[in-house]
Every structure is written in C-alpha cells, then in structure tokens.
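S.K.: no sequence for this one, just the structure:
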C-alpha cells in the first residue's frame, strides 16, 4: 500500500477549553491529509473528473496534543475499493513515537459532473494500493 505522510503543528486556534487539540480539529486534519494524499498521487484528469466525500469516521483518541506540538500524520488504503467506497486508515504520531489519534474513514467517489456515486475505476485506485 502507498503511504502518505505529512507533519502538522497545532496552533492556538486548534486548542479547546481543555488545553489540547479539539476533536473537531482532528476531523479536519483527517480530511486535510486525505485530500493532500489525493492531490499528491492523482493525475490532473482524475482530480478534474472525481471528488471524494466521507461517509463514515471511526476515531480513537489515544493522547493529547497541545499548541506548538507537532505530529506526523500517516495515511494509507489497505484494501481495494468496494464499489464506490474504500476505507482509509490514518495515524497521528507525536515526536515521542506515541500514537495520539488513529482513525478509519470510509470515502465514496463521486463523478464531479453529475454529483452521483460511481464505482472506483482501477486506474483511480492504483496509486493508493501500490
């Protein structure tokens, strides 16, 4: 499977009343990393023809991140798509090596022109499956 990694540093705006990254921010980061992965591997013709939407999030919060702390976000697709959908795995790890958040999200492929679900073509899935 082709993995994608990036680094994210928590800003003051990401922090909630408890002093750590807000759960809604983690969801945003999950989406941002997934989109960055798509943008990094999908050819322009695929980015022009399709758009991905989330249909489900499953998130395990394992540790906190404070303002100024940096995590490494890693994402991958472990299995081929099923029809219009595939599951994306996500892991955010602190500089100390401890996992802060793990997630599994289900994404569905839409035809950009019609806005309708469409089966994931093999050539669209290939860059994610390696």
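M.R.: Sure thing, it's come through. The structure displayed is predicted, hence computed values, not measured ones.
S.K.: mind jotting down where the strands sit in the chain?
M.R.: 4-9, 50-61, 70-76, 85-94, 99-111 (DSSP state E).
S.K.: residue 123 is nearest to which of the ones you listed?
M.R.: Residue 123 lies closest to strand 50-61 among those, at 11.2 Å (Cβ to Cβ). Glycine gets a C-beta too; all of them are placed from N, C-alpha and C.
S.K.: re earlier: can the strands of the chain go into a markdown table with extra columns for mean pLDDT and distance to residue 28?
M.R.: Converted to a markdown table, those look like this (pLDDT from 0 to 100; distance: least, Cβ to Cβ, whole Å):
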| stretch | mean pLDDT | distance to residue 28 |
| --- | --- | --- |
| strand 4-9 | 98 | 10 |
| strand 50-61 | 96 | 11 |
| strand 70-76 | 98 | 12 |
| strand 85-94 | 96 | 12 |
| strand 99-111 | 97 | 12 |
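S.K.: reformat those strands as a markdown table; add mean neighbour count and distance to residue 122.
M.R.: Output for the strands of the chain, formatted as a markdown table (neighbours: other Cβ atoms under 10 Å; distance: least, Cβ to Cβ, whole Å):
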| stretch | mean neighbour count | distance to residue 122 |
| --- | --- | --- |
| strand 4-9 | 14 | 20 |
| strand 50-61 | 14 | 13 |
| strand 70-76 | 19 | 18 |
| strand 85-94 | 19 | 12 |
| strand 99-111 | 18 | 12 |
